[in-house]
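Colleague: structure for this input, please:
(one chain, ligands or ions: 1)
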Amino acid sequence: MTTPTTSIAHRTPKAHASPQPYRYPPERAFVEPDWRRLPGYKDVTGGEWNSAKWQRQHTVKTLDQLLRVYQDLIPQDLVDSIKRDQAERATMSMLVPPQMLNTMNEHDLWVDPIRRYMIPAFGDRHPEWASHPLAERDSLHEADMWAVEGLTHRYPTKVLAELLSTCPQYCGHCTRMDLVGNSVPQVLKYRFESKQRDRYAAILDYLRRTPSVRDVVVSGGDVANLPINHLVEFVSALMDIDNIRDIRLATKGLMGLPQHFLQDDVLRGLESLATKAVDRDVDLAVHVHVNHAQSITPLVAKVVKKLHAMGFRDVRNQGVLMRGVNDSQNALLDLCFALLDNAKIMPYYFYMCDMIPNSEHWRLAVHEAQQLQHSIMGYMPGFATPRIVCDVPFVGKRWVHQVDAYDRTKGISYWTKNYRTGIEFDDPDALTRGHEYYDPIYTLPEEGQDYWRKRAVEPATA
Ligand code: SF4
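Modeller: From the prediction side, this is the model:
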């Protein structure tokens, strides 16, 4: 038996703020960059800049228009490289609102992270492996899992409704490059076959007769391109379905064209939806797609503040992890703190860039994503620490540490799932079958690269 101590030793507090691999607070100033510094916008007034109509009318669609904005600030070799990319590699057409051009660093457009994913250049891409041999348009097979045209039923309780196929901006890495945007030399886009009204009616009808679905992602494209009365009509009808408890409106436009959301009719429409959601006890949220801290400006924060005041449950970010854009601890944490501190947007997910054609230079290997996930842990509150996820074809989102097996030489990771997708209802092996995901080949050791060189030319015998 031990003798109880009669006194407790003095404790001298000694912890203090230590130097850290990432230093908080970030140094970036939270200001709207002055557009008048750009030659093409030097005479643009505040009234014009804040007008959604002006932004849409002046959205850059061609290289000539891009040149008129930056003039001498864009190097000729970059211009030539973008032109070649549009002819030989790009899967999306150019569409960049002034708001986004204004957040690029005009003094170094080659390395600017926003330029790198919005306006890809031929010189950005890997010379040998521009594309993975197993890359596919619709790489997530969303259309294979349509319950009705435009409604992907992949998970047990949630669905994705693709309401339209356009956006206010087109991202070079768009995972829906199969469907979204204009056809380009490399890609003839799929076009919805049924009329919009019929498609929406079929989607609503499916959800009415499928009580196991409780959660609808209303996406596209981008809902910022849907006339507000159409959006209100569809989402309001969703809220009338008893089983629908969560609705998330997906829009990158909140960041790319915040002016859209500050228009009176749009605000009125969104407010009517928020009010109905509160009345009906439905959680209505907005999901945005921001990939770099430069994109978070006071105008973006102003929209989010209004959404919260209306009663939207949350505004969450689903970014995409991309090499040369945000593939470092600093870039990810700067973005997360800009989202959280400046705009009150919840950092929610970072997706690994999907295996669409010509996306290799943006993609990271699974082990790189795991390392990045490790590097951002502990800096933010747990509820605001984003998960880095791999969207595995025919599986769905998996946290990058959930990999079942991993051949680092060939860069093949193996994944399983714990539910059936909407097309596996009669598949006895659905819950045990392994599904593969592939690292970018140029990240592999020479032996792995050789394996893929052989497999690329002999796919049938691999
Ligand atoms: S906003 Fe979304 S859907 Fe539109 S081009 Fe970008 S990634 Fe694709």
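Colleague: residues in this structure within reach of the ligand, list them.
Modeller: By CB under 6 Å from any ligand atom, the part of the chain that sits against the ligand consists of 167, 170-171, 174, 176, 180, 221-222, 252, 289. (Each C-beta comes from the backbone N, C-alpha and C, glycine too.)
Colleague: can you select the buried ones from the residues you listed in PyMOL?
Modeller: The PyMOL selection below is limited to those of the residues of the chain next to the ligand classed as buried (16 or more other CB atoms under 10 Å):
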select buried, resi 167+170+171+174+176+180+221+222+252+289
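Colleague: can you give me the strands in the stretch 1-150 of the chain?
Modeller: In the stretch 1-150 of the chain, the strands defined using DSSP state E, counting those that start in this stretch lie at 146-148.
Colleague: give me the residue from it nearest the ligand.
Modeller: Nearest residue of the stretch 1-150 of the chain to the ligand, counting by CB to the nearest ligand atom: residue 92, 6.1 Å away.
Colleague: thought that residue was touching residue 171?
Modeller: Yes: if you go by CB atoms under 8 Å, residue 92 and residue 171 touch, sitting 6.6 Å apart.
Colleague: so which strand or helix has the closest residue to the ligand within the stretch 301-450 of the chain?
Modeller: The ligand sits closest to residue 320 of the stretch 301-450 of the chain, with a gap of 7.6 Å, by CB to the nearest ligand atom. For residue 320, the enclosing helix or strand under DSSP states H and E is strand 314-321.
Colleague: model confidence over that strand, on average?
Modeller: For strand 314-321, mean pLDDT is 98.
Colleague: what of stretch 406-421?
Modeller: Rounded mean pLDDT across stretch 406-421 is 96.
Colleague: separation between the residue of the stretch 301-450 of the chain closest to the ligand and residue 428?
Modeller: Distance, residue 320 to residue 428, by CB to CB, to the nearest Å: 35 Å.
Colleague: again with residue 174
Modeller: On the measure of CB to CB, residue 174 and residue 428 end up 35 Å apart.
Colleague: just residue 285 next, same as before
Modeller: Using CB to CB, residue 285 is found at 36 Å from residue 428.
Colleague: neighbour-wise, which of the two wins?
Modeller: residue 285 (19 against 8; other CB atoms under 10 Å).
Colleague: just want the angle from the helix or strand where that one lies to strand 314-321.
Modeller: Counting by DSSP H and E, the element that carries residue 285 is strand 283-288. Per axes from the mean of the first three to the mean of the last three CA atoms, to 10 degrees, the angle that strand 283-288 makes with strand 314-321 is 30 degrees.
Colleague: show me what strand 283-288 packs onto, helices and strands only.
Modeller: strand 246-250, helix 253-256, helix 264-280, strand 314-321 (3 or more CB pairs under 8 Å, 6 or more residues apart in numbering; DSSP states H and E).
Colleague: give me whichever of the ones you listed is most buried.
Modeller: Sort those by mean neighbour count, taking mean count of other CB atoms under 10 Å, and helix 253-256 sits at the top with a mean of 28.
Colleague: and the contacts of that one?
Modeller: By CB atoms under 8 Å, 6 or more residues apart in numbering, the residues outside helix 253-256 that reach it are 97, 99-100, 167-169, 222-225, 260-261, 286, 288-290, 295-296, 300, 303-304, 315.
Colleague: now residue 376: how far from residue 334?
Modeller: Using CB to CB, we find residue 376 at a distance of 11 Å from residue 334.
Colleague: so of the residues of the chain next to the ligand, which ones are in strands?
Modeller: Applying DSSP state E to the residues of the chain next to the ligand, no entry is found in strands.
Colleague: alright, I will stop here.
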